[in-house]
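**Q** Sequence and computational prediction follow.
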Amino acid sequence: MMTHVPYMPITELIEQVNGNIVGQHHVTKAMVIGLITGGHILLEGLPGTAKTRAVKTLADTLNLSFSRIQFTPDLLPSDITGTQVYQHEEGKLEFQPGPIFNAIVLADEINRSPAKVQAALLEAMAEGTVTVAGDSKPLPQPFMVLATQNPLEQEGTYPLPEAQMDRFIMKVSVGYPSAQSEMDIIRLVRGEDKDNEQLPLDDASAEHWHERYGLSTLVAAREAVKNIYVSDSIDQYMVDLVMATRLPDSYRHSHLANWIEVGVSPRASIALDRCSRAHAYISGRDFVSPDDVRAVAPFVLGHRLTLSFDAVAEGITTARVVDELLLQVALS
């Protein structure tokens with residue numbers, strides 16, 4: 001018999017991060033799911049929507065190393081991975097690690113850099129290693145890339161190739177906050193300005209904070225997610241959703257056949273399973289429900305779909321296509 005799991009530090013972690021950002025709670029949940037599943041997240045949103053703040057807050061709360069890389073057209077792969085530096089005193093080359101050697105890496109405006117730079121990041125995301133001067137060097141664990149891109153600015157950008165898009169376990173849209181959230185932001189920042197004038201936490205308080213929400217919290221969550229129960233009917237439901245993107249003609253009374261040019265890859269099935277289990281876990285359950293699958297499906301499937309010319313011309317978004325999928329595909 002399935003039961004509810006007890007209140008967990010990971011739940012408190014989400015609440016703590018949400019207390020430092022306003023109106024973007026779905027972003028926090030996606031980032032935590034990415035950490036638990038060992039995946040990478042693509043955040044798409046306009047400037048000033050707290051993307052950097054959310055990532056930095058998560059890293060600080062978990063006491064994980066953090067780096068931010070601003071992607072620009074003149075960025076080189078070595079600016080990310082690091083390079084060999086000649087040491088005059090020792091008379092030899094020594095590897096100087098780049099910013100990729102951190103637990104959480106914010107790749108800001110990832111689509112502003114050319115293919116070689118994106119390829120270097122792709123290796124890190126896919127293999128958990130980087131190659132410099134023929135040597136493969138492992139990255140720290142845990143390791144997660146949170147990339148951002150602006151959906152409006154297209155001039156001077158390099159669209160991410162399908163292979164790299166597929167490496168992101170989830171893609172999350174970050175919109176502007178509501179009027180009430182905007183008011184909360186003003187008051188939150190005003191309060192922080194006052195707090196900055198006060199003395200920082202003492203060492204004992206900081207140590208207690210990091211012990212409560214440290215690496216052990218993440219490790220325990222990853223182990224727990226492995227034991228989340230998934231029924232045969234849920235497995236079939238996830239497969240049916242994936243297959244519907246590849247065989248949209250099977251749903252004759254829908255627009256799917258006209259909207260979908262290329263369906264999702266097998267990585268979508270794996271991501272859907274992992275994210276559904278992680279969503280069930282942070283929701284306090286030890287089993288996956290259909291609602292868990294539906295909750296993560298837009299973030300897992302949307303960026304892996306290739307829309308038809310007709311769909312693009314009609315202004316159909318991948319979000320609408322996934323909504324149609326969830327409407328048409330029934331739970332067996």
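**A** In hand now; what should we look at? Residues are numbered from 1 along each chain as shown.

**Q** Show me how this protein divides into domains.
**A** By the record's domain assignment, the chain is partitioned as 9-219, 228-328 (automatic domain parsing).

**Q** quick check, distance from the longest one to the centre of its chain.
**A** Here domain 9-219 shows a centroid-to-chain-centroid distance of 9 Å under the convention C-alpha atoms, centre = their mean, to the nearest Å.

**Q** likewise stretch 229-236?
**A** Chain-centre distance of stretch 229-236: 24 Å, with C-alpha atoms, centre = their mean.

**Q** Give me the buried stretch members for that stretch, please.
**A** Buried residues in stretch 229-236, counted by 16 or more other C-beta atoms under 10 Å: 230, 234. C-beta: built from backbone N, CA, C; applies to glycine.

**Q** contacts for that stretch?
**A** Residues outside stretch 229-236 that contact it (C-beta atoms under 8 Å, 6 or more residues apart in numbering) are 2, 273, 276-277, 286-290, 293, 331-332.

**Q** Any of these buried? List them.
**A** The neighbour-count criterion (16+ other C-beta under 10 Å) marks 273, 276-277, 286-289, 293 among the contacts of stretch 229-236 as buried.

**Q** In helices, which of these fall?
**A** Assignment to helices by DSSP state H places the following of the buried ones among the contacts of stretch 229-236 there: 273, 276-277, 293.

**Q** Sort the buried ones among the contacts of stretch 229-236 by pLDDT and name the bottom one.
**A** Per-residue confidence across the buried ones among the contacts of stretch 229-236 is lowest for residue 286, with 90 (pLDDT).

**Q** rewinding a little: now distance to residue 137 too, for the buried ones among the contacts of stretch 229-236, in TSV please.
**A** As requested, these are exported to TSV (distance: C-beta to C-beta, whole Å):
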residue	distance to residue 137
273	30
276	33
277	31
286	38
287	40
288	37
289	41
293	37
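
**Q** between the residues you listed, which is closest to residue 13?
**A** Each of the buried ones among the contacts of stretch 229-236 was checked against residue 13 using C-beta to C-beta; the closest is residue 277, at 17.7 Å.

**Q** So the closest one sits against residue 223, correct?
**A** No: using C-beta atoms under 8 Å, residue 277 makes no contact with residue 223, being 12.0 Å away.

**Q** Residue 70 contacts residue 110, doesn't it?
**A** No: applying C-beta under 8 Å, one finds residue 70 not in contact with residue 110, separated by 10.1 Å.

**Q** quick one, which of the two is more surrounded?
**A** For residue 70 versus residue 110, the count of surrounding residues by other C-beta atoms under 10 Å is larger for residue 110: 24 against 12.

**Q** Which other helices and strands does whatever helix or strand residue 10 lives in contact?
**A** Under DSSP states H and E, the secondary-structure element containing residue 10 is helix 9-18. Using 3 or more C-beta pairs under 8 Å, 6 or more residues apart in numbering; DSSP states H and E as the contact criterion, the elements in contact with helix 9-18 are helix 25-37, helix 51-62, helix 215-226, helix 266-282.

**Q** Please list the outside residues in contact with that helix.
**A** Residues from elsewhere that reach helix 9-18, judged by C-beta under 8 Å, 6+ apart: 25, 28-29, 31-32, 36, 54, 57-58, 61-62, 212-213, 217-218, 220-221, 281-282, 284.

**Q** just to revisit the earlier point, and the contacts of stretch 229-236, which two are furthest apart?
**A** The widest separation within those, taken as C-beta to C-beta, falls between 286 and 332 and amounts to 22.0 Å.

**Q** if I look at the nearest residue to residue 129 once chain neighbours are set aside, how far off is residue 163?
**A** Nearest in space to residue 129, with sequence neighbours left out and distances taken as C-beta to C-beta, 6 or more residues apart in numbering, is residue 136 at 4.9 Å. For residue 136, the distance to residue 163 (C-beta to C-beta, to the nearest Å) stands at 20 Å.
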